[in-house]
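Q: sharing a sequence plus its predicted fold:
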Amino acid sequence: MISDIYAIYLREILRLWRQKVRLVTMIMMPLLWLGVIGNAFNSVMNLPTQGDFLSFLTPGILVMTMVFTATISGITTVFDREFGFLKEMLVAPIKRESILIGKMLGGVTQAVLQGILILILAIFMGVKFSGAMSIPGMFLTMFLVSIAFVSLGLAVASKITSMEGFQMVMNFMIQPMIFLSGAFYPTTFLPDWLKIMVKINPLTYGVDAMRYFAIGVNEFNIIADLLILLVFSITMILIGGHFFRKS
Amino acid sequence: MPAIEVRNLLKKFGSIVAVNGISLEIEYGEIFALLGPNGAGKTTTISILATLLKPTSGEAKINGYDVVKEAAKVRQSIGIVFQDPSLDDRLTARENLDIHGRLYHMSREERQRRIEEVLEMVELLDRADSIVKTFSGGMRRRLEIARGLMHKPKVLFLDEPTLGLDPQTRRHIWEYVEKLRDEGVTVLLTTHYMEEADYLADRIAIIDAGKIVAEGSPSELKDSVGGDIIKIKCSDAENMLKKLVSNGYDAMLVDDEIVIKAKEAEKMIPKIFAIADEEIKSITYKEPSLEDVFIHYTGKVFRDEEVDEIEASKMKWRMRR
C-alpha cells in the first residue's frame, strides 16, 4: 500500500520537476505580488494594520498562491484522463485509495514547496516572522489549506472533463474565495453584507491562522481558526475522495 | 486450465447490447485475435477482461482468476496496451517503465533488469532516457508494448495495436508481436485489419454486433467458406443474380457486386458467361480472404461505420459517470 502510494507520488514529483515552466511560475507569481503590489501598497496606503503592510500582506499572498497551486494540481487528474495515464493506474494491481492519496500528497508537496519559497522570498524583502510558534504553526496551516484545496481540485477534476471547465471553476470559485478571505486587506472596515460573506468563507480562517503564526496578528480565535480549517479539510478530502472513486 | 476462459459474457450500456453472449477459450502461449469492425464489441470485451468494466452477466477467468471476484489477481496477471495512448509523455521511457514496475510490486533489481530487457526487445534501449514526448507514434506503441510486458504478465491484451500507424510501422509492430511467442506470453489482440489477424494470429474469432460469428485458425476459416470466390460486376445485377440462383449457383449480392462461391472457379466462369445475357463489366476470382469469411458469415461487407450506435451510447454513458 505504502509503496503503491509512493509510486503514484513519485510520478507527480517527476512531472513537476520536468515542467520547468511550472517551477518558474511558482517563483514568479509571489515575487510579483510581494515585490510589486506589496511594496506599492506599502508606500501609498496607510492601513490601520500592526506593523508594515508588506508583513500584513505576506501571509495572505502565501495562502493565495498555495490555494492556486493546490487547486491546479488537481488539474493533473484531468490531464491523466485526457492522455490516458489514468487507465494505466486503474488496471494496476493497486487500490483506488492509493492513487487518491498519492495524488493528494503530490499536490500538497507542491503547494507547501511553493509556501516555503514565498517565506524565503519574504525574509529577503525584510519581513520578520515574529508570531508565536511561527514555523510549526505555519507548516500546519499550510498543510491544512493545501490538502483542502488539492481535494477540492480532485473533486472538481473528477466531475469536469475539459480544461475550459476548470478555468471556470478557478474564476468563479477560487478567486472569490481568495478576495473574500481578508488576504489582501483587513476585513474590519468592510460593509456588513461583505463581512457575512467573509465569515462564511472557510479560507478566511486559513488566512487568519497564517497571519497569527507569521506576524502575531489575527481577528479570530486561533483555536477556532484551526478547528474550522480542520473540519473544512476533512470535508474536502471526503468529497474529493468520493468523486474520485466514482469517476 | 486455459489462459482465458469466457462464458456467455454480456454487457449492456443502457438499452444497447455491446457484448452479446461471447464465449471463448484461449490456451497459454496462443496468439488470439478478435477481428471485427469498429463498434463490434471488441474493446468492451477487453475492458471487461482487464477489470475496467463489470459484465452485465456471464463470467470470465484470466489465468484461473475471476475478473469480478478476484480483480486484483487478474490485474497482476495481465498486461495491456490500450487503443488510446496511455504513457506519461513528460517522463522518460525508463521512468514510465520504472513507475509501472513499482505499481506491479517489482523489486528494484527486478525493475532495473527488466527495463533493459523489454527496451532491448522493442529496440528502444538507446532512447531509454529520452522524454516520451519526443517519440514518434510507432515508438510510443513499442514502448507501450514493452511496458505491458514489464511485469511478465501471463496474458497480454493488445487493443488495436496498429491503429493509426502507417503500413511500414505496422509491419514493424507485427514483428514485435511475433517475438512475443518467445516470451511465452498469451496474447489477445483486437483488430479491424484483416491482414493483421491473418498474419499474427494462431486463432481468430470474428465478432460482429457483439457476437462471435466464426472461430478458428486463419486457414480453417478460409476453408469454411468453401472453395474460391468469384465476383461479378454487371449492368443488371438483380436480374443476373436471379438467373444464377435458379441455375443452382451459391450466389449473393453484396453492394453492387455478385459474389459466388465456387469449388473450381476456372471451370465455372465459362458457364456463367453462357447464361449471362447481361453485359458483364468485370469478373474476378480468387481464393477466399478473411474478408470473404466475414461476408460469408454475416452477409455484410466488412466496413467501419462512422460513429455507430453503440459507440455513441457508450460515449454518453461515460459522460454521465
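A: Received, thanks.
Q: next up, the contacts around residue B:160.
A: Contacts for residue B:160 (Cβ atoms under 8 Å, 6 or more residues apart in numbering or on different chains) come out as B:42-43, B:83, B:190-192. For every residue, glycine as well, the C-beta is placed using N, CA and C.
Q: repeat for residue B:262
A: The contact partners of residue B:262, taken as Cβ under 8 Å, 6+ apart, are B:227-230, B:250, B:268, B:285.
Q: now, which of these sits nearest chain A?
A: Set against chain A, the nearest of the contacts of residue B:262 by Cβ to the nearest Cβ is residue B:229 (40.4 Å).
Q: ok so, going back, return a PyMOL selection command for the buried portion of the contacts of residue B:262.
A: Those of those that count as buried under 16 or more other Cβ atoms under 10 Å in any protein chain shown are selected in PyMOL with:
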select buried, chain B and resi 227+228+229+230+268+285
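Q: format the contacts of residue B:262 as JSON lines; extra columns: secondary structure and pLDDT.
A: Putting the contacts of residue B:262 into JSON lines (DSSP: H, G, I helix; E, B strand; the rest coil; pLDDT from 0 to 100) gives the following:
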{"residue": "B:227", "secondary structure": "coil", "pLDDT": "75"}
{"residue": "B:228", "secondary structure": "strand", "pLDDT": "80"}
{"residue": "B:229", "secondary structure": "strand", "pLDDT": "82"}
{"residue": "B:230", "secondary structure": "strand", "pLDDT": "85"}
{"residue": "B:250", "secondary structure": "strand", "pLDDT": "81"}
{"residue": "B:268", "secondary structure": "helix", "pLDDT": "82"}
{"residue": "B:285", "secondary structure": "strand", "pLDDT": "82"}
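Q: for the residue located most distally from the centre of chain A, report the pLDDT, please.
A: Relative to the centre of chain A, the most outlying C-alpha is that of residue A:93, 31.7 Å out, by Cα atoms, centre = their mean. As predicted, residue A:93 sits at a pLDDT of 91.
Q: report the contact partners of it.
A: Applying Cβ under 8 Å, 6+ apart to residue A:93 gives the contacts B:72-73, B:75-76, B:103-105.
Q: you'd agree it is in a strand?
A: No - counting by DSSP: H, G, I helix; E, B strand; the rest coil, residue A:93 is not part of a strand but coil.
Q: pretty sure residue B:82 sits against residue A:84.
A: Yes - at 6.3 Å, residue B:82 and residue A:84 qualify as touching, with contact defined as Cβ atoms under 8 Å.
Q: ok, these two, which is more surrounded?
A: For residue B:82 versus residue A:84, neighbours defined as other Cβ atoms under 10 Å in any protein chain shown are more numerous around residue B:82 (23 against 18).
Q: chain A against chain B: which residues are in contact?
A: By Cβ under 8 Å from any Cβ of the partner chain, the residues of chain A that approach chain B are A:3-4, A:6-8, A:10-11, A:14-15, A:18-19, A:83-85, A:87-94, A:161, A:246-247.
Q: quick one, helices of chain B?
A: B:42-49, B:71-77, B:93-103, B:108-121, B:137-149, B:167-183, B:194-200, B:218-225, B:237-246, B:265-275, B:290-298, B:309-320 (DSSP state H).
Q: quick check: which of those helices is nearest to residue A:98?
A: Among the helices of chain B, helix B:93-103 comes nearest to residue A:98, with 9.0 Å by Cβ to Cβ.
Q: which residues touch that closest one?
A: With Cβ under 8 Å, 6+ apart as the criterion, helix B:93-103 contacts A:3-4, A:6-8, A:10-11, A:14, A:88-89, A:92-94, B:87-88, B:91, B:110-111, B:114-115, B:118-119, B:124, B:127-130, B:132, B:135, B:143, B:146-147, B:150-151.
Q: list the contacts of the closest residue to residue B:228 other than its chain neighbours.
A: Distances taken as Cβ to Cβ, 6 or more residues apart in numbering or on different chains place residue B:265 nearest to residue B:228, at 3.9 Å, with adjacent residues excluded. By Cβ under 8 Å, 6+ apart, residue B:265 lies in contact with B:227-230, B:285.
Q: what's the answer for residue A:62, then?
A: Applying Cβ under 8 Å, 6+ apart to residue A:62 gives the contacts A:30, A:115, A:118-119, A:122, A:142, A:210, A:214.
Q: can we see that at 10 Å?
A: Residues in contact with residue A:62 (Cβ atoms under 10 Å, 6 or more residues apart in numbering or on different chains) are A:30, A:33-34, A:114-119, A:121-122, A:138, A:141-142, A:145, A:183, A:206-207, A:210-211, A:214.
Q: cool, residue A:169 as well?
A: Each residue near residue A:169 by Cβ under 10 Å, 6+ apart is listed here: A:71, A:74-75, A:152-153, A:155-157, A:159-160, A:175.
Q: could you point out which of those is nearest to residue B:38?
A: So of the contacts of residue A:169, ranked by how close each gets to residue B:38 (Cβ to Cβ), first place is residue A:160, at 28.2 Å.
Q: pretty sure that closest one sits against residue A:154.
A: No - here residue A:160 lies out of contact with residue A:154, judged by Cβ atoms under 10 Å, at a distance of 11.1 Å.
Q: anything in contact with each of those two?
A: Common neighbours of residue A:160 and residue A:154 (Cβ under 10 Å, 6+ apart) are A:74-75, A:77.
Q: alright, calling it a day.
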